[in-house]
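Asks: make a model of this:
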Amino acid sequence: MNNELTQTDIDKMQAELDDRIIRLRPELIEEVKRTRAFGDLSENYEYKAAKQAKNRNESRIRYLTNMIKTARIIEDHSVAGEVGLFDKVTLYLEEDDETMVVQVCTTVRTDPSSGFISKESPLGSAILGRRAGDRVTVHVNDRYSYDVEIRAIEKSEDDGSAPLLSY
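Replies: Residues are numbered from 1 along each chain as shown. As a prediction, the model looks like this:
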């Protein structure tokens with residue numbers, strides 16, 4: 001399955017990948033060599049920690065490479081007045097009697113605590129393509145759903161402020 005990512009997602013991933021390969025990888029390899037010289041490897045915590053850091057970096061490099069290689073680039077084609085990618089959407093949650101502002105983004109840049117929700121999440125997929133004034137039922141699972149009302153849509157573009165997920 002291809003990951004649906006924006007060009008900004010790809011650019012951010014490529015920048016992180018380049019940094020990890022060019023700058024971080026040599027530093028971590030050198031740290032492994034340095035800590036290996038400390039002596040008995042069975043009791044050398046610094047060596048184990050350096051190896052773990054190097055392995056985490058290699059794992060992230062593989063992940064980013066695979067994500068970039070398998071990505072399908074998408075663009076927002078929503079019309080005015082319709083919820084699209086990275087639009088700021090004011091929602092009224094009837095169940096809690098409160099409002100919240102969210103931005104719908106791709107799965108690699110979600111951060112619900114900062115208001116960035118995935119277009120593939122129950123809330124994101126429910127409001128994407130809807131209009132202000134629409135009342136939408138968000139189906140979380142077979143047993144739980146809730147209603148939201150779209151109060152306002154502020155058209156916005158991907159400014160790159162949503163960070164990449166670490167994993």
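Asks: quick check: domain ranges of the protein?
Replies: 3-73, 88-154 (automatic domain parsing).
Asks: what's the end-to-end length of the longest one?
Replies: By that I understand domain 3-73. 8 Å (Cα to Cα, to the nearest Å).
Asks: also stretch 99-113?
Replies: Start-to-end, stretch 99-113 (Cα to Cα) is 14 Å.
Asks: among the domains of the chain, which comes closest to Glu82?
Replies: Of all the domains of the chain, domain 88-154 sits nearest to Glu82, with 5.7 Å by Cβ to Cβ. From N, CA and C alone the C-beta is placed, and that goes for glycine too.
Asks: need the contact partners of stretch 132-149.
Replies: 81, 91-95, 122-123, 126-127, 130, 150-153 (Cβ atoms under 8 Å, 6 or more residues apart in numbering).
Asks: filter the residues you listed down to the buried ones.
Replies: With burial judged by 16 or more other Cβ atoms under 10 Å, the buried subset of the contacts of stretch 132-149 is Leu91, Tyr92, Pro122, Leu123, Ala126, Ile127, Arg130, Ile150, Ile153.
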